[in-house]
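Novice: predicted model follows, preceded by the sequence.
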Amino acid sequence: MLWQDLTRLNRYERYWLAAFLLIIMLSTLWFSSTGTDWQSWRSITLNWLISPLSAISGVLCVVMAAKGLLSNWIWGLISASSYGLIAWTSGYYGDWLLNWFYFLPAQFFIYYSWRHQLHSETRQVRVRRLGWHWLWVLVVVGVGVTALAQMLNGLDGFISDALKRNSAVYDSLQTLTGFDLSGPLLDASTVVLQITAQLLMIRMFAAQWPFWIATNVLTIFAWSLVLLTTPDSAPYAVPTLLMWIAFLINSVYGAVSWHRGAKIA
């Protein structure tokens, strides 16, 4: 199935996939060769195995998803596992929880939901349009972001601490904006947007893509802050940042592609 789905990509899709994979691998080699602590197996494994594995599988996952191909779930399993480990290492415990305890099991739901909704010839999933239910989704997202941000800002304890990004990012955001709630709002937004987008993806709604686009923009901003506040993170943060840029471009393509093929649910 993996090889068959790769052959279903058109020429331009293969070109951009190959280009981003090449960029990610070259950046990994460059930064890992200069930033790896060769006395630490943790540093070697993170920079030379986990980081490129996360970036490559992540790009393959979103490309297959944008094309509506079922094999995206396999790449999603690999991506969620490896990216969750990077998030843990970076102090992004909310992303770790989200990837290991939400995105990992969600891949199985994608498989079981999509496999009976594939076109017999193209093997692409039958896309649905959300219609007027958009309004309810936006209301739920707005309430969810507000409530989670307030919880992160006002509560102390394992859950609220786990969902917060590392303190350096919080301090940088507060200095940049002068707004104490800026860090919790960033975290809450990325968490709620990703949960919403994944649920819509499982149900094959084209409405998922604007939420992925918003997630990608915010996450690119967050990882840029990681690089600014923790320069030593470059060996794994730069390939990860490039991965999210690839995600953003792919999400725009997915939005256009799924919108054209969508039908009202």
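Specialist: Received, thanks.
Novice: gap between residue 82 and residue 75?
Specialist: Separation of residue 82 from residue 75 (Cβ to Cβ, to the nearest Å): 11 Å. (Each C-beta comes from the backbone N, C-alpha and C, glycine too.)
Novice: now do the shared contacts for the two.
Specialist: residue 57 (Cβ atoms under 8 Å, 6 or more residues apart in numbering).
Novice: quick check: phi and psi on residue 129?
Specialist: phi -110, psi 140 (degrees, to the nearest 10).
Novice: just give me the neighbour total for it.
Specialist: Residue 129 has 16 neighbours, counted by other Cβ atoms under 10 Å.
Novice: and the helices in the stretch 101-250 of the chain?
Specialist: Using DSSP state H, counting those that start in this stretch, the helices of the stretch 101-250 of the chain run over 104-114, 134-154, 158-163, 167-177, 182-202, 208-229, 234-261.
Novice: what's the neighbour count on residue 180?
Specialist: 12.
Novice: so what pLDDT did it get?
Specialist: If you check residue 180, the pLDDT there is 70.
Novice: what does residue 113 give?
Specialist: Residue 113 is given a pLDDT of 93.
Novice: most distant residue from the centre of the chain?
Specialist: residue 39 (31.2 Å; Cα atoms, centre = their mean).
Novice: phi, psi for it please.
Specialist: Torsion angles, degrees, to the nearest 10, at residue 39: phi -90, psi 0.
Novice: what count of nearby residues applies to the residue lying closest to residue 146 once chain neighbours are set aside?
Specialist: Closest residue in space to residue 146, ignoring its immediate chain neighbours: residue 188 at 7.7 Å, by Cβ to Cβ, 6 or more residues apart in numbering. Residue 188 has 23 neighbours, counted by other Cβ under 10 Å.
Novice: okay, the helices of the stretch 101-250 of the chain in CSV with distance to residue 8 next?
Specialist: Listed next are the helices of the stretch 101-250 of the chain as CSV, based on distance: least, Cβ to Cβ, whole Å:
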stretch, distance to residue 8
helix 104-114, 14
helix 134-154, 30
helix 158-163, 38
helix 167-177, 39
helix 182-202, 19
helix 208-229, 20
helix 234-261, 13
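Novice: who wins for proximity to residue 52 among the ones you listed?
Specialist: helix 234-261 (6.4 Å; Cβ to Cβ).
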